[in-house]
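need a structure here:
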Amino acid sequence: MSDHSPSETAKQAAQEPTSTAFAPRTAGSVKMGASETSASETPGTKAEDSAPTVKVALEILGSEQTFVCRAGEEERLRAHSRELEKRLVALGGEAESSDKTRFLIAAALQLADELYETHREHEAEVRELRDGHLREVEQLQAAERTRTEARSQSDAAEAEKRAQAEAALRQRLEHLLALLSDKTPSQTYPPQT
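The predicted structure follows:
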């Protein structure tokens, strides 16, 4: 049995650092909670998520928290912590407050709003690029149709010229055959003996 009262035990637990996993969006889930299991031991994770992990102690609004992240991502986690601390201070969270949760939620909402705006801007840029590419494709298709029509017209003109030349040649051959058929045997060439 513990010689601490329930309220003293709760205070002590609140002051002890806890370990929470930090998994950047690009890295996938490494692990959650204070567990020491690696990603390779967690069911349903990919093999590439099994990178070594390290613990990083961060202090936010005077409260130290320990997070677990992949080796090499410690500075990224610290940068996020500094940004969060700046936002909390800007919101008035540096004063000793019993309602730090409210400041954390406000900072999270600001970050979520910035993420939303960035996402909207990104979507607009993607739409603009896609529309630009579609316009380019339509212009290329129109140019190709114009070239095809020009070739078709050119081919039709050539076919018409050939047909006219063939008709003229046919008329000359018919005229020559008519001349030859009107001649008498003495007029045929070569002379017959």
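
any chance you could map the helices in this protein?
Using DSSP state H, the helices assigned to the chain run over residues 6-15, 74-90, 100-182.

any chance of these in TSV, plus mean neighbour count?
For the C-beta atoms, the positions are set from N, CA and C on the backbone; glycine is no exception. Shown next, in TSV, are those (neighbours: other CB atoms under 10 Å):
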stretch	mean neighbour count
helix 6-15	10
helix 74-90	15
helix 100-182	11
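
tabulate those (TSV), appending mean pLDDT and distance to residue 58.
Converted to TSV, the helices of the chain look like this (pLDDT from 0 to 100; distance: least, CB to CB, whole Å):
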stretch	mean pLDDT	distance to residue 58
helix 6-15	42	15
helix 74-90	88	4
helix 100-182	91	13
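
any chance of TSV for those, columns distance to residue 62?
TSV is the format used below for the helices of the chain (distance: least, CB to CB, whole Å):
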stretch	distance to residue 62
helix 6-15	11
helix 74-90	10
helix 100-182	9
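
closest to residue 63 out of those?
Closest approach to residue 63 among the helices of the chain is made by helix 100-182 (7.3 Å; CB to CB).

which strands and helices sit next to that closest one?
Applying 3 or more CB pairs under 8 Å, 6 or more residues apart in numbering; DSSP states H and E, we find helix 100-182 packed against helix 74-90.

if we can go back for a sec, looking at the helices of the chain, which is closest to residue 68?
Comparison of the helices of the chain against residue 68 by CB to CB identifies helix 74-90 as nearest, at 9.5 Å.

name the helices or strands packed onto that closest one?
By 3+ CB pairs under 8 Å, 6+ apart, helix 74-90 packs against strand 53-60, strand 63-70, helix 100-182.

switch to 7 Å and redo it
strand 53-60, helix 100-182 (3 or more CB pairs under 7 Å, 6 or more residues apart in numbering; DSSP states H and E).

so which bits of stretch 54-63 are buried?
Going by neighbour count (16 or more other CB atoms under 10 Å), the buried part of stretch 54-63 is 56, 58, 60, 61.
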